[in-house]
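Visitor: Here is a sequence with its predicted model. Questions after.
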Amino acid sequence: MTPKSILILEPDATLLRAIAEQILQPRGYLIFTAQNQVDGLKKVLAVAPDLLVLHLRPDAATIFLKQVADTKFSVPVILVVEHSTAQIGVELLRLGVRDYVIWPVVPEALLQAVDRVLGQTTNNRYNVNSSTLNFEFADMASHLLRNPLHIIQTSIRCLQTLDLSPQEQQDLLNKMWNQSQRLTDFTNELLKTLRLEVEDNLCVSTTPVALPPLVERILDLVKNEKPGLKFSLSTSLEVPVVAADPTKVEMVFTNLLISAIRRCQVGNNIAVSLTADTAEVQVAIRDDGKPIPVQSLNYVFQSYYPVGFSQMNIPSSYQLGLYATRRLVELQKGRVWAQHCNGQGSEFGFSLPTWEKSDDQNFTN
């Protein structure tokens, strides 16, 4: 069998050699390398790799992948990002980014990402189309929704509180209009990419998953990036293995954790707990930050609020990310919830069935 070919684009020669010779070549992959975009584009056209591992800034990666797309060659991409909260826009998803790893690269993490992406392209083991694969980056793209909202909200406050000249008022109104158009265009594009309106093909491929190490790993990453917050983790003495898709569970937990961080300020506490019974394992994330209004809790996991609830005081960017979270949990036969913590913050959580109680290892909607 012909080995799969991987092209690595890494500007640093030492790091390039380490990734190629120490991580990927021992696994039997056919490796090609490039240190700049010009050489990388030539190699793409010359060798037609099965996979591209790309270590560039997101803006530079976008330019490079557009150049690749212009050649009419399509290749799945693993993007190496500088930190775990790096935001990956929809354009990169459309240009072929299928997975990412954090720099500095952990060998096992890179190998798992390579196996996932090559498995998706050769065996179609997840039974999803390219638009559905992009679904896994919903939370990373959500910042593109928050930015125009922030500008609009700031402009409204200026109009309400500052003594502005007619020209200054008009300038702010024009800015708000431009941002609202940007928000509308991006939302439509994101919904097309994620195909939330057509979910017939969504499915998850489940395996036995141990939740404690997954939760601990994500918490460790977040702790380093949010030193002003206090994190704690408590688990039952024995947490059984669950039937789940590990990649999607990581997405769900990360998204709920980020939601808690958004509500908190320096000095606030975020407590994660894992509890279990014979049927399911529950993961709860409690924070003592700004609580979500009571009337909002029944709607935060919907795709859009019902008519008449638009005035509720909750960031609009929660809607898409938490709706995606609910869908992913439900596809794994789990449940998700949001509630108040005795007036001192909020709790978001989800549960997944234990492996012994699962009746199907391939869940579809």
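Guide: All right, it came through fine.

Visitor: helix/strand/coil for Pro213?
Guide: At Pro213, secondary structure determined by DSSP: H, G, I helix; E, B strand; the rest coil is helix.

Visitor: now it: how far from Val249?
Guide: 12 Å (C-beta to C-beta, to the nearest Å). Any C-beta I mention is one placed from the backbone N, CA and C, and that applies to glycine too.

Visitor: mean confidence for the helix or strand hosting Leu352?
Guide: Take DSSP states H and E as the rule and Leu352 turns out to sit in strand 346-353. When pLDDT is averaged over strand 346-353, the result is 94.

Visitor: Export it to PDB, keeping only CA atoms.
Guide: Taking Å, rounded to 0.1, in the frame of the first residue of the first chain, the C-alpha atoms of strand 346-353 are listed here in PDB:
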ATOM      1  CA  SER A 346     -24.800  30.100  37.000                       C
ATOM      2  CA  GLU A 347     -24.300  26.400  36.300                       C
ATOM      3  CA  PHE A 348     -24.000  24.900  32.900                       C
ATOM      4  CA  GLY A 349     -23.700  21.100  32.500                       C
ATOM      5  CA  PHE A 350     -24.100  18.100  30.400                       C
ATOM      6  CA  SER A 351     -24.300  14.300  30.800                       C
ATOM      7  CA  LEU A 352     -23.300  11.400  28.700                       C
ATOM      8  CA  PRO A 353     -24.400   7.700  28.900                       C
END
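
Visitor: Other residues contacting it?
Guide: When contacts are defined by C-beta atoms under 8 Å, 6 or more residues apart in numbering, strand 346-353 is touched by residues 209, 211, 242-244, 249, 252-253, 256, 259-260, 263, 279-287, 289, 291-292, 297, 325, 329, 332-341.

Visitor: helix, strand or coil for Ile31?
Guide: Following three-state DSSP, the label given to Ile31 is strand.

Visitor: Going along the chain, name the helices of the stretch 1-150 of the chain.
Guide: For the stretch 1-150 of the chain, the helices defined by DSSP state H, counting those that start in this stretch cover 13-17, 37-47, 58-70, 90-94, 107-123, 130-134, 138-141, 143-161.

Visitor: Leu274 and Phe301: what is the separation?
Guide: In terms of C-beta to C-beta, Leu274 sits 21 Å off from Phe301.

Visitor: More neighbours: these two, which one.
Guide: Of the pair Leu274 and Phe301, Phe301 is the one with more neighbours under other C-beta atoms under 10 Å, namely 20 against 17.

Visitor: Was I right to think the more buried one contacts Tyr323?
Guide: Yes - Phe301 is within contact range of Tyr323, at 6.1 Å (criterion: C-beta atoms under 8 Å).

Visitor: Let's see the pLDDT reported for Ser131.
Guide: 37.

Visitor: Report how many residues lie close to the nearest residue to Phe348 once chain neighbours are set aside.
Guide: Spatially, and ignoring its direct neighbours in sequence, Phe348 is nearest to Leu256 (4.6 Å; C-beta to C-beta, 6 or more residues apart in numbering). Using other C-beta under 10 Å, Leu256 has 25 neighbouring residues.

Visitor: And for Gly228?
Guide: For Gly228, the neighbour count with other C-beta under 10 Å is 9.

Visitor: Pro213 and Val249: who's more crowded?
Guide: Comparing Pro213 with Val249 by other C-beta under 10 Å, the one with more neighbours is Val249, at 25 against 9.

Visitor: Quick one: name whatever helix or strand follows the helix or strand that contains the more buried one.
Guide: According to DSSP H and E, Val249 maps onto helix 246-263. Scanning forward in sequence from helix 246-263 by DSSP H and E, the next helix or strand is strand 269-276.

Visitor: Parallel or antiparallel, which strands does that following strand pair with?
Guide: Within its sheet, and counting by DSSP bridges, strand 269-276 is paired with strand 230-235 (parallel), strand 280-287 (antiparallel).

Visitor: tell me the average confidence for the next helix or strand after the last one?
Guide: For strand 280-287, the succeeding helix or strand toward the C-terminus, using DSSP H and E, is helix 318-331. Regarding helix 318-331, the rounded mean pLDDT is 73.

Visitor: Would you tell me what the next helix or strand after helix 318-331 is?
Guide: Heading C-terminal from helix 318-331, the first helix or strand you meet, by DSSP H and E, is strand 335-340.

Visitor: Is Ser232 in contact with Ile285, as I believe?
Guide: No - in this structure Ser232 lies outside contact range of Ile285 using C-beta under 8 Å: 10.9 Å.

Visitor: shared neighbours of these two, anything?
Guide: 270-272.

Visitor: pLDDT below threshold where in the stretch 151-300 of the chain?
Guide: Within the stretch 151-300 of the chain, the ranges that satisfy pLDDT under 70 run 182, 185-203, 295.
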